[in-house]
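1. all I have is the shape, not the residue letters:
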Ligand SMILES: Nc1ncnc2c1ncn2[C@@H]1O[C@H](COP(=O)(O)OP(=O)(O)OP(=O)(O)O)[C@@H](O)[C@H]1O
């Protein structure tokens, strides 16, 4: 479980990125954070994951969170399996080397994501999408009951987007709590129970279906957004279309 209460953060004293963000992510549910470039999505998920200390408000996490970053360092010459084993740091401790159980957990996570075949490849030689999938496997390997993902679909082709969304749905069905930032309102609509919109007028939170209206998305992004219904395995969901060529006056 994750609970943010009145959270605010600024990189300098003069400028807040956001203030007064309050929401809860319960086991088996997902919350999506949406907003234009620079609105504070990464900052908010890093606060939620415990990687940044909020300037005000409180963050409560039950049992840690597996974090999937948006960008990653060079990772030197580590193999993909080494990268996933790093997710076992909590279980391994600082002075031990990973044991058979850690290796099994890492391989199991790689299999879930469908990247076990990449285990001996050097991480920096993987494509951007393959690296993203390995980082998701690393977060799963932590064994934490919560995942915090910063734009998990970035760099993924359509099949891998579907694979990751289905995987996240499966993890939620097993009771995992999830916080993800995304530039895809349709992903939020298909996955998330709740949403956090980081816009000009401050943060808005609420049920995803109620919050992600055409009007709210249009105001958030400054382009005329329309949502259209489609059938997803018998469930009616909404996808998002944006006619090209029309940026609304005053949009950032
Ligand atoms: N380390 C930093 N020092 C100072 N300002 C920062 C730092 N990191 C981010 N910012 C600023 O904070 C604001 C929010 O950045 P953040 O990366 O959280 O936005 P975002 O919504 O994730 O953006 P994007 O969609 O482009 O990834 C931006 O104005 C950004 O320039």
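-> Cool, got the structure. Keep in mind it's a predicted model, so treat the numbers as computed, not measured.
2. can you tell me the element the nearest residue to residue 237 once chain neighbours are set aside falls in?
-> Excluding the flanking residues, the one nearest residue 237 by CB to CB, 6 or more residues apart in numbering is residue 190, at 5.2 Å. Quick note: C-beta positions are derived from backbone N, CA and C, even for glycine. Per DSSP states H and E, residue 190 falls inside helix 185-191.
3. what about that helix, near the ligand?
-> No. Contact of helix 185-191 with the ligand (CB under 6 Å from any ligand atom) is absent, the minimum separation being 13.3 Å.
4. and that helix, what's its mean pLDDT?
-> Here helix 185-191 scores 95 as its mean pLDDT.
5. what is that helix packed up against?
-> strand 30-34, helix 158-173, helix 208-211, strand 226-232, strand 235-241 (3 or more CB pairs under 8 Å, 6 or more residues apart in numbering; DSSP states H and E).
6. what's the separation between residue 39 and the ligand?
-> Separation of residue 39 from the ligand (CB to the nearest ligand atom, to the nearest Å): 4 Å.
7. secondary structure element holding that residue?
-> According to DSSP H and E, residue 39 maps onto no helix or strand at all.
8. can you name the residues that contact it?
-> 18, 198, 199 (CB atoms under 8 Å, 6 or more residues apart in numbering).
9. at 6 Å what do you get?
-> residue 198 (CB atoms under 6 Å, 6 or more residues apart in numbering).
10. again, but for residue 46
-> By CB under 6 Å, 6+ apart, the contact set of residue 46 is residue 52.
11. am I right that it sits in a helix?
-> Yes. Per DSSP: H, G, I helix; E, B strand; the rest coil, residue 46 lies within a helix segment.
12. for this structure, what lies in contact range of the ligand?
-> 11, 17, 35, 37, 38, 39, 40, 41, 42, 43.
13. which one of these sits in the busiest neighbourhood?
-> Ranked by neighbour count (other CB atoms under 10 Å), these have residue 41 at the top, with 25 neighbours.
14. ok, and the closest non-adjacent residue to it?
-> residue 181 is the one closest to residue 41 (CB to CB, 6+ apart), at 3.8 Å.
15. same check on residue 188?
-> Leaving aside its chain neighbours, residue 188 sits nearest to residue 32 (3.6 Å; criterion: CB to CB, 6+ apart).
16. residues near the one you found, how many?
-> The burial count for residue 32: 27, using other CB under 10 Å.
17. list the contacts of residue 196.
-> Neighbouring residues of residue 196 by CB under 6 Å, 6+ apart: 23, 33, 205.
18. partners of it in the sheet?
-> Beta-bridge pairing for residue 196 (DSSP bridges): residue 33, residue 205.
19. still on that earlier bit, could you pull up phi and psi at the residue nearest to residue 41?
-> phi -100, psi 150 (degrees, to the nearest 10).
20. doesn't residue 151 make contact with it?
-> Yes. Taking contacts as CB atoms under 6 Å, residue 181 lies within contact range of residue 151: 5.4 Å.
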